[in-house]
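# The sequence and its predicted three-dimensional model are supplied below.
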Amino acid sequence: MAYRNNRKPTKAEMAKNQGMYQDTGVPNANSENGDSEDMSKETEMELPDGTEISIEEPEMEDEQVEEPVSEEELQNIIIAEIDDAQDYIDDVISPERALAGQYYKGEPFGNEEEGRSQAISMDVRDTVQAMMPSIMKVFFAANNVVEFAPNGPEDVENAQQATDYVNYCLTRDNNLFNECYSTFKDALIRKNGIMKVWWDTDKDVTTHYFTGLDEAAFSVLQSDPTVEVKDVEISYGEMMVETPMGMMGQTQPAMYDCTVVRTVEKGRLRVQSVPPEEFLIDRRARSIETAEFVAHRRYVTVSDLVAMGYEWDEVENLGFETLDDFEGNEETFDRNPQAFVQITGRTDTTSRKVLYIEGYVYVDMDGDGIAELCRVCVAGTANKILHYEPCDFIPFVDFCPDPEPHTFFGMSIADVTMDIQLIKSNILRNTLDSLAQSIHPRTGVVEGQVNLEDVMNTEVGGIIRMRAPGMVQPFTMPFVGQQAFPMLAYMDELRENRTGISKAAAGLDANALQSSTRAAVAATITAAAQHIELICRIFAETGMKGLFKKSLQLISKNQDAPRMVRLRNNFVPIDPRVWDANMDVIVNVALGTGSNEEKMAFLGQVAQKQEMLMQMGAPLVDMQGYYNTLAQMMALAGYKDPTVFFKDPAMMPPPPPPAPPQPTPEEMLSQVQMEAIRADIQKKAAELELQREEMLRKDDRERDKLDADLMIKAAEIEAKYGAQVNTANIEALMQRDRELLRQQGEMDRASVQAAQAAQNAQMAQAAQQAQMPMQPEMPPEGMM
C-alpha cells in the first residue's frame, strides 16, 4: 500500500499489508528449493541478411492493483487516529496551555502561605494586553491586509473584484474583528490560535398569515417553490345585485385564508475562531496541510445533528453524554469551570449532548495506491461514522507568534513570561511582607501579665493593660525592600528584551526619553516594536494568507448565482464563477516602513510634487495619479472610502474637448484679408458667369430671329417660285454651331474654376506663412 509523504502506517494498514503478502503462492528466494521461478521467455528475430537469432526477454509480472479502503477499515483507522490525537492534546498540550491561562488570569500558584502576602504580578496579562492593540491596528487598518494577484492580464479586474468581495464576505457576513481578536489572543497565550472557514447554507424560515386572497393570488403562492401553504380555509360570500326583477343575491368568487411558511436558502462564507482544546492534530504534524490527521471535536445536541441533515434514527441513541468535558481536559475546565455544573430537568432526547468530530485524514478510497484527503464525520463515544467524502482542502488555519521549525506547536508570549511573573510575584510578596512587618512588628508579652485582647487590638491610641512595666515589647523589623527594587527593574528589563514591550515604546515613561534626540527616540521605539512587527508578519504570511486563499476557493466553488453587493460606494453584481480560484495571495502588511505619521508626511511631499508638475504641464503626472496619492492619505487617516471626499477620475466621464484658442490680431487680419479676396473672386466669377449667360441668351435670341427669318424667307420663296426649300439641313447646321458654343462655354467655366482653386491655395499658403515666426534676414555675403 502506498502512503502519502512516507507516513507511518496505522495498525489496520499494517495488518492489511501482512495479509496481502502472505499465502500468495509465488515462490521467492527463500523457498525450499532455493530457486526462483523462471520469469523469462525467448523471442525469435530475423535479421535483414536472413539470419535468425533468439532474444531472451524477461516476462513482466501482472500489475497488482490496490484494493480501496473499506468502511470497516476506515472506521478502525479513524478510531486509532482520534485516540492518538486526543491523548496528545489532552495529556501533553492542554496542561501547558491551561497553565498559561492560569498565569494570564493571575490565579494563585499553589505555594501561598496563610498570614503572608499572596500578591501576584500580572506580567503575562500586561504583556498580552499591551501587544493586542498594535496587532489589531495592523490587521484592521484602512488598507486591505491581503490582496489577490492576477495570473494573467485577463484576470486584473477579477482580482481586484475578488479582493473587495472576499473582504466584504469576511467583514460584513462575519464579524472578522471579533474572530481575529479571539484567535490572536489564543495564539499569544496558548501557543496556537485556530480559525475555521467553511461554506454554510442557512435556511431562513419565516411564517406569514394571509386572509381574503383571490384565486389568482392563491395560485401565485402555490406556484412558488420556496413556499409551503398550510391551513387553507375557503369561504364564499354573497353580494346583493339589482336586477329587473329586483334585488337578488349573487355568490362571490372563492376567498382563501392560509398560513404560508417561506424557506429561503442562502449560502454564505463562515469564519469561526476554534477553541484550542477542540482542535485535534497528529503528534507528528509539522503543519495543518501536511498533517496525517486533523479534526475538530465539539459537543452538539441531537437536535443539532438532525439540523445538519442526519437521520433521526441514526443519531437518537448517540446522545448519552451530559457534560462536554472532553474526558477531563484541563484547559476546558480552566476556561469556564461553571460549565461543569450538572444541570437537571432536561429529559428530552433532542437536548442530549453528543461528541461530534469532523476529521480529515489521508486514505486510499479509490484503490489507485495513493492516499487522498477524506472528510470523515463521527459521533458518540464509539466514534460511529456518520458520513465520509473526498475533499480538496482542510478548512483550518493557524496563527503562532513564535513558530518552531519542523513542528506544529510553537511558543507563545505566555511561555516566555510565566517564569518572570513567578519570580516577580515572589519578590513582590517578600517585599510586602517586609513592609508589613516593619509597619506592624511582632510583639512579645509576658504571659499572665498582659491583657491579650488589648495587645491584639490595633486601634490607634488603644490602651494596653499591663500588671507591671515592660511586660509588652515590640520586635522592630527594619524594611529591607529597597534591595528588591533593582531586581524588579531587572526582571522588567528581561521581559522587555523577550517581548519588545517597553514603556518607551508605549510612550508611557517620560524619563526614558528625556534629553534624547529625535533619532534616538525613533531608534528606541523602532527597536522595541520589532518583536510586534515580526509577530504581525508571521500572522499575515501564515494564517491570514491561508484564510483568504481558502475563502476564495469556497466562494468560487459554492456561490452559484450572482449577488448584488455594495463595493466602493457602488452596487455591483458579483459572480465568482468566472474567477480563477488559483490566484496568488499578496500580503500588504506594511511593517518596517515607518509610522503612519511618517507615511502621511511623505505622501504630503509627493502630493506637492505632483501639484507642481501638473501646473507646469509635465506629462509625468495625471489626475489619476494625484487621486491615488489622496486616497492613500485618506486610508492612513482611517477613512476606507476616499470617494466620499474625492471623485475617482476613472469613474468620471471623459472631459469635453478643449475650446479652440483665440486667434491673434495678425491671424485675424490675415483671415479678414482672405475673406475679402475670396469674396472678390466670387464676385468676379459671378460677373463672368452673368456675362456668359447674357451672351448665351443674346446668341439664342439672334438664332431664334434667324430661324424665324429663315422660315419666312423659305415660305416666300415657296409661294413666289413654287420651289421646295430644305430647311432641315439649315436648322441642323445652326444647332451644330449652338452645341459648339455651349461646349466652349463649359470649357471656359472649368478653366475659371481651376484658376480660382489655384488662387485659393496660394492664399492659404500665404496665410500659413504669415502665422509662422519671422526668420531673421540674412545679411549679404559681403557683410559677413
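Perfect, I can see it now.
# helices or strands up against the longest helix that the chain contains?
Across the chain, the longest stretch assigned as helix under DSSP state H is helix 665-721. Contact here means 3 or more Cβ pairs under 8 Å, 6 or more residues apart in numbering; DSSP states H and E; on that basis helix 665-721 packs against helix 727-771. C-beta here means a position set from N, CA and C on the backbone, and glycine is covered the same way.
# Let me see the mean pLDDT of the helix it packs on.
Mean pLDDT, helix 727-771: 68.
# now stretch 412-421
94.
# Please determine how far residue 99 is located from residue 315.
Relative to residue 315, residue 99 is positioned 37 Å away (Cβ to Cβ, to the nearest Å).
# With neighbour numbers in mind, choose between those two.
residue 315 (25 against 18; other Cβ atoms under 10 Å).
# Could you check how far that one is from residue 388?
Distance from residue 315 to residue 388, by Cβ to Cβ: 16 Å.
# what does residue 186 give?
Applying Cβ to Cβ to residue 186 and residue 388 gives a distance of 29 Å.
# Compare those two (neighbour count), which wins?
residue 186 (24 against 19).
# Hmm, residue 273 and the more buried one touching each other?
Yes: using Cβ atoms under 8 Å as the test, residue 186 is close enough to residue 273 to be in contact (7.2 Å).
# and for the two, which residues touch both?
193, 194 (Cβ atoms under 8 Å, 6 or more residues apart in numbering).
# quick one, what contacts residue 128?
By Cβ under 8 Å, 6+ apart, the contact set of residue 128 is 104, 185, 188, 189, 413, 414.
# Am I right that the second one sits in a helix?
It refers to residue 185. Yes: per DSSP: H, G, I helix; E, B strand; the rest coil, residue 185 lies within a helix segment.
# Give me the neighbour count for it.
18.
# same check, this time on the fourth one
The number of residues packed near residue 189 is 23, by other Cβ under 10 Å.
# Three-state assignment for residue 200, please.
From three-state DSSP, the assignment for residue 200 is strand.
# just the one 10 residues further on next, same as before
Following three-state DSSP, residue 210 is assigned to strand.
# what about it, distance to residue 219?
13 Å.
# which of the two has more neighbours?
residue 210 (14 against 11).
# Leaving out sequence neighbours, find the closest residue to that one.
Leaving out its chain neighbours, the residue that sits closest to residue 210 by Cβ to Cβ, 6 or more residues apart in numbering is residue 258, at 5.7 Å.
# What distance do you get for the one you found to residue 228?
Distance, residue 258 to residue 228, by Cβ to Cβ: 10 Å.
# Repeat that for residue 680.
Separation of residue 680 from residue 228 (Cβ to Cβ) stands at 93 Å.
# Of the two, which one has the most company?
Set side by side, residue 680 and residue 228 show more neighbours around residue 228, with 15 against 10, by other Cβ under 10 Å.
# what are the phi and psi values for the more buried one?
Main-chain torsions, residue 228, degrees, to the nearest 10: phi -120, psi 120.
# and it, what are its bridge partners?
residue 261 (DSSP bridges).
# residues touching it, list them.
260, 261, 262, 263.
# neighbour-wise, which of those residues leads?
residue 260 (18 neighbours).
# Surely it touches residue 210?
Yes: with contact defined as Cβ under 8 Å, residue 260 reaches residue 210; the gap is 6.2 Å.
# what is in contact with those two at once?
Common neighbours of residue 260 and residue 210 (Cβ under 8 Å, 6+ apart) are residue 221.
# any idea which of the contacts of residue 128 is the one closest to residue 707?
Using Cβ to Cβ, residue 185 comes nearest to residue 707 of the contacts of residue 128, at 120.8 Å.
# How much space separates the closest one from residue 402?
Residue 185 is 15 Å from residue 402, by Cβ to Cβ.
# any low-confidence regions in the stretch 251-400 of the chain?
Across the stretch 251-400 of the chain, the ranges flagged by pLDDT under 70 are 251-252, 320-325, 327, 342-346.
# for the closest residue to residue 330 other than its chain neighbours, what are its contacts?
Closest residue in space to residue 330, ignoring its immediate chain neighbours: residue 98 at 4.0 Å, by Cβ to Cβ, 6+ apart. Residues near residue 98 by Cβ under 8 Å, 6+ apart: 330, 331, 333, 334.
# can you do 6 Å?
330, 331, 334 (Cβ atoms under 6 Å, 6 or more residues apart in numbering).
# tell me what the host helix or strand of the second one is packed against?
Under the criterion of DSSP states H and E, residue 331 resides in helix 330-335. With contacts taken as 3 or more Cβ pairs under 6 Å, 6 or more residues apart in numbering; DSSP states H and E, helix 330-335 sits against helix 94-105.
# Chain neighbours aside, what residue packs nearest to residue 279?
With Cβ to Cβ, 6+ apart, the residue lying closest to residue 279 is residue 194, at 4.6 Å.
# mind checking pLDDT for that neighbour?
Note on residue 194: pLDDT of 96.
# Okay, now stretch 277-287: how far is its last residue from its first?
The first and last residues of stretch 277-287 sit 17 Å apart, counting by Cα to Cα, to the nearest Å.
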